[in-house]
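Trainee: What follows is a predicted protein model with its sequence.
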Amino acid sequence: MTASGFQTALGGDALESHNFLTLFAVFMIVCTIMYLLVIGALIIAMWRGRRRGKELVVETGRHHETGPAFRTALIGWTALIVVGLTSLTIASFFTDRSNASVARDPGLTLKVTANQWWWDVEYTTHDASKMIRTANEIHLPVGVPAEITLQASDVIHSLWIPNLAGKQDLIPGRVTDMQLLPRKIGTYRGQCAEFCGIQHAHMALDVTVDSKGDFEKWVAAQQRVAFAPTTPLQLAGYHYVTTRECSACHTITGTPAGGTVGPDLTHFASRRSIGAGTLPMNTGNLYGWIADPQSQKPGNHMPTIGLEPADLHAIVAYLETLK
Amino acid sequence: MSARVLRDGPNFTGPKLESALTLAWSRPRGLIGWLASVDHKEIGVRYIVTALIFLALAGAMALHMRLQLMVPDNTLMNAELFNESFTMHGTTMMFLFAVPVMQGVQIYLTPLMVGTRNMAFPRLTAFSYYMYLAGGLFLWGCHFLGFGPDNGWFSYVPLAGPQYGIGKRADVWAQTITFTEVAALAVAVTLTATILKQRAPGMTLARVPLFVWATLVTSLMVIFSMPAVALDSALLLSDRLVGTQFFNPAEHGDALLWQHMFWFFGHPEVYIIFLPATGFISEIVTTFSRRSMFGYPIVVLSLVATGILAFGLWVHHMFATGLPRVGYSFYTAASMSVSIPTGLQIYCWIATIWQGRPKFEVPLLYVIAFFFTFVIGGLSGVIIAAVPLDLQLHDTYFIVAHFHYVLIGGSVFPLLGAITYWYPKLTGRMMSEDLGRVSFWMVFLGFQLAFFPMHISGLLGMPRRVYTYPAGMGLELPNMLSTIGAFVVGLAVVLFVLNLIISFAGEKAGHNPWDAPSLEWVTSSPPPEYNFAHIPAVESRTPLWDDRTSLPVVYGLKVESRELLLTTFVSASTETREPSAMPSIWPFVSAIAVTVMFVGSVFSPWAIPFGIVPVGIALTAWFWPKKPEPSEEAVIA
């Protein structure tokens, strides 16, 4: 993976995106040949015309007649197009079947719900106490087929993690799904691909493909309730977050904060970015985001509430403990 | 010749006939006369000029967006402005530029090419122009007043629905569509009737110029596809205005219903823009290759096949919506099959050049640029017809590259060639060839620089409709190149328009400066109000190239009042004479009344019941029956 290869359709880091590369190569070869044939014929046609001199004679009289060579070539050209298209259609169909085969035996099931402009992520299991809820990030174990159920709570969105697979729309009133079989450990980025309103450009998510061991560790960490504050500053932040505006929208498991309108913050500080991929996670950006989310991501649904500096310090100190 | 009714004939010809016809076919002077005009040439030019102004506005907007995207994390434009800009750009280019400019050229050329004196329903044509203009002014007026639409040119629900599309922006979009639908449908009907019933005697369906064939297929496509989007936008408006729940999933409505109906129109729309351009290409290739078109029947059948297949592909815009996979395979196959007729047309054009003696004047250069560009767009269309490929490429800059290659390479290049080709007919002057070549090379090379890198940025993960993108994704270089290329194209278009203006004083063109074979070149440049002093009779596909001293004509139409010759629709044998409408102010008044009703209905549903009254009055005045003048029948010679 190159430095910039964390959000590219050319990554081929999972079964489907790998199939994409193969099929894309096949199509590119066929299309390049067809392009060269057309342009070659055009250049020869123009060249012949130039050689015939400049006199402006209309080819009258016999201009409805056509040599048999042109008719034969026409049949050949048509046959070539038909054969080419048929082969490509068949190749496409079998690639599609191969992509669909991932769904047969998923080792992991998730539910992703898209909201204006963030992703709600749930790891579903039969045991309610083992449920994980996070936001704007997906962790997957390498080599394990994962099935993601997709829903939207407001408008249409589209989940696209190009390194792993093609996109799939999330449509209010419908349930769609996506299957992934990651093949390479790595960190990737996904993004909403269907225009969904003012902050469509800042609706990304971080995807981490881990070894099975690392994935289990991450799951275990996520299943814990939030850490309790230890320093007085963190405690002040805890009180603010759980009793004032923040808790109306956000949940922090193990605390009174139980809002469900915004992203779950239980392990917020363990994530790689803030505001659905808007800013990298670090203390400076966290200050900027909490102080004035409307200048960082104008139009998003988190209001700028005009915090006192002391409250801001406390909130950031507390949020940074939520590993 | 009767004493009471004056008709043209072998003894009544020349300047005397021409002055009589001018009297019958000219319109009153002054503003009222200008607004009352029903001359297809005047209306066609108004359409073309208006559409080019909208092209300039939407093009300037594109340059603004390219500046925003030139570097990552740019703050030149905010999200609101960017979203409104790409919505205005797409809506304007599709509904206010591409379709109307093609229809404008068709309105201007069709009666001349089929050899008649005016369109079939000239007042409806005039009405359509005012509706189109009103729709354009409405959209751009709302934009300048600060509530232009911002949900994309496809206006997907629920984003554009009452719950999320707050304010009047989505209503403005939907009502703009209503205006342009009414205009486009009206033009399509008049063009269809003109082509089927008013062709010069002898112009059988097998002798119709290929541009006219393309016009006929396009018009039928408009008639069959526009009602889908008309219904769609009407349902959206009623969802927003009176609380119906057609698209609201919470009330058993369906968000995907919008997409099905939109793309059932939206895909044919692409061919409605592309097929007239294939007509330009056929005419230009014929004239400049000095040879009649190779494989005329193949080209006609390809046009018809494209027109039919275009209605079976719409789901390829919806491969990511989670419909059943087996169903998708059908649409993959259908989408790919549409390249068969297009491939056949390309073969016929190249074979014509091959067998002819091509003269590389500016119009033919644009056709050659078409081959180099459009074929890339067509082949990238084959790529995205495959579901596994489209799921990656859909809604990325790869698609932006694809459809600009198809629409600019496939339609705008031939259009620029066509404007250069027919400019002498419209104005009587030639366009500057030197300036023409400079702007040609700039637009061709600038286009490749602007749009080829978008294939790359799409593959590298850049989605469409994002107002900015983060640094470090490898998107910096392709976006910088695209911006530079876009400005080269912008400069080239400025030069082209400059050429249009300064060439009013250019070299004088005769009747037929290119030595072209079709009927529009038999009359003077610009043509007189009545188009032809005598209605020509046609004996081949290339009437002006046939070995003859003069073109045969038919006699017997009235010269003191407006009269057209109707012919049968397959063999174009003479059938009857038909009076043609005089200028009337009522189409303009009706358009104003309908505009008031449409604009009012954005704000209140009561605008419909109250607004319909002035519309009814205006239409009644428009269609008020006149006492038929008794006239003695004469035999058509």
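Mentor: Nice, thanks for sending it over.

Trainee: all strands for the stretch 201-323 of chain A, in order.
Mentor: Listed in chain order, the strands found in the stretch 201-323 of chain A under DSSP state E, counting those that start in this stretch are A:204-210, A:273-274, A:279-280.

Trainee: any chance of those in JSON lines, with mean pLDDT, mean neighbour count and distance to B:Ala184 too?
Mentor: Any C-beta I mention is one placed from the backbone N, CA and C, and that applies to glycine too. Conversion of the strands of the stretch 201-323 of chain A to JSON lines gives the following (pLDDT from 0 to 100; neighbours: other Cβ atoms under 10 Å in any protein chain shown; distance: least, Cβ to Cβ, whole Å):
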{"stretch": "strand A:204-210", "mean pLDDT": "97", "mean neighbour count": "23", "distance to B:Ala184": "40"}
{"stretch": "strand A:273-274", "mean pLDDT": "96", "mean neighbour count": "20", "distance to B:Ala184": "46"}
{"stretch": "strand A:279-280", "mean pLDDT": "95", "mean neighbour count": "14", "distance to B:Ala184": "46"}
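
Trainee: To B:Glu283, which of those lies closest?
Mentor: Each of the strands of the stretch 201-323 of chain A was scored for nearness to B:Glu283 using Cβ to Cβ, and the closest is strand A:204-210 (49.7 Å).

Trainee: May I have that closest one as CSV, with CA atoms only?
Mentor: The C-alpha atoms that make up strand A:204-210 are tabulated as CSV, following Å, rounded to 0.1, in the frame of the first residue of the first chain:
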residue,chain,number,x,y,z
ALA,A,204,-16.1,9.4,5.9
LEU,A,205,-15.3,6.4,8.1
ASP,A,206,-12.1,4.7,9.1
VAL,A,207,-11.7,1.0,8.4
THR,A,208,-9.1,-1.2,10.1
VAL,A,209,-8.4,-4.7,9.0
ASP,A,210,-6.7,-6.5,11.8
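
Trainee: Report all helices and strands that that strand contacts.
Mentor: Applying 3 or more Cβ pairs under 8 Å, 6 or more residues apart in numbering or on different chains; DSSP states H and E, one finds that strand A:204-210 makes contact with strand A:137-141, strand A:186-192.

Trainee: Quick one: closest of these to chain B.
Mentor: Evaluated over the helices and strands packed on strand A:204-210, closeness to chain B peaks at strand A:186-192, with 5.7 Å, by Cβ to the nearest Cβ.

Trainee: Now that closest one: buried residues?
Mentor: Neighbour counts using 16 or more other Cβ atoms under 10 Å in any protein chain shown place A:186, A:188-192 of strand A:186-192 among the buried residues.

Trainee: can those residues go into a markdown table with extra columns for pLDDT and distance to B:Thr483?
Mentor: Supplementary listing: the buried residues of strand A:186-192 in a markdown table, determined by pLDDT from 0 to 100; distance: Cβ to Cβ, whole Å:
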| residue | pLDDT | distance to B:Thr483 |
| --- | --- | --- |
| A:Gly186 | 96 | 31 |
| A:Tyr188 | 97 | 28 |
| A:Arg189 | 96 | 24 |
| A:Gly190 | 97 | 26 |
| A:Gln191 | 96 | 21 |
| A:Cys192 | 97 | 24 |
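
Trainee: As a markdown table, those residues with distance to A:Thr283 would be great.
Mentor: Shown next, in a markdown table, are these (distance: Cβ to Cβ, whole Å):
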| residue | distance to A:Thr283 |
| --- | --- |
| A:Gly186 | 26 |
| A:Tyr188 | 25 |
| A:Arg189 | 22 |
| A:Gly190 | 25 |
| A:Gln191 | 25 |
| A:Cys192 | 27 |
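
Trainee: what helices or strands is the helix or strand hosting B:Leu220 leaning on?
Mentor: Counting by DSSP states H and E, the element that carries B:Leu220 is helix B:210-242. With contacts defined as 3+ Cβ pairs under 8 Å, 6+ apart, helix B:210-242 has these neighbours: helix B:99-114, helix B:169-197, helix B:255-289, helix B:296-309.

Trainee: So which of the buried residues of strand A:186-192 reach chain B?
Mentor: The subset of the buried residues of strand A:186-192 within reach of chain B, counting by Cβ under 8 Å from any Cβ of the partner chain, consists of A:189, A:191-192.

Trainee: I'd like to know which of the strands of the stretch 201-323 of chain A is closest to B:Thr321.
Mentor: Using Cβ to Cβ as the measure, strand A:204-210 is the one of those that comes nearest B:Thr321, at 20.2 Å.

Trainee: one step back: quick one, which of the helices and strands packed on helix B:210-242 is nearest to chain A?
Mentor: If you check each of the helices and strands packed on helix B:210-242 against chain A by Cβ to the nearest Cβ, helix B:255-289 wins as the nearest, at 5.6 Å.

Trainee: any residue of the closest one up close to chain A?
Mentor: Yes. Helix B:255-289 lies within reach of chain A by Cβ under 8 Å from any Cβ, at B:255-256, B:289.

Trainee: Point out the other elements, helices or strands, that that helix touches.
Mentor: If contacts are counted by 3+ Cβ pairs under 8 Å, 6+ apart, helix B:255-289 sits against helix B:99-114, helix B:210-242, helix B:296-309, helix B:339-355, helix B:362-385, helix B:413-427.

Trainee: deepest of these, which one?
Mentor: Among those, ranked by average contacts under mean count of other Cβ atoms under 10 Å in any protein chain shown, first place goes to helix B:99-114 (a mean of 27).
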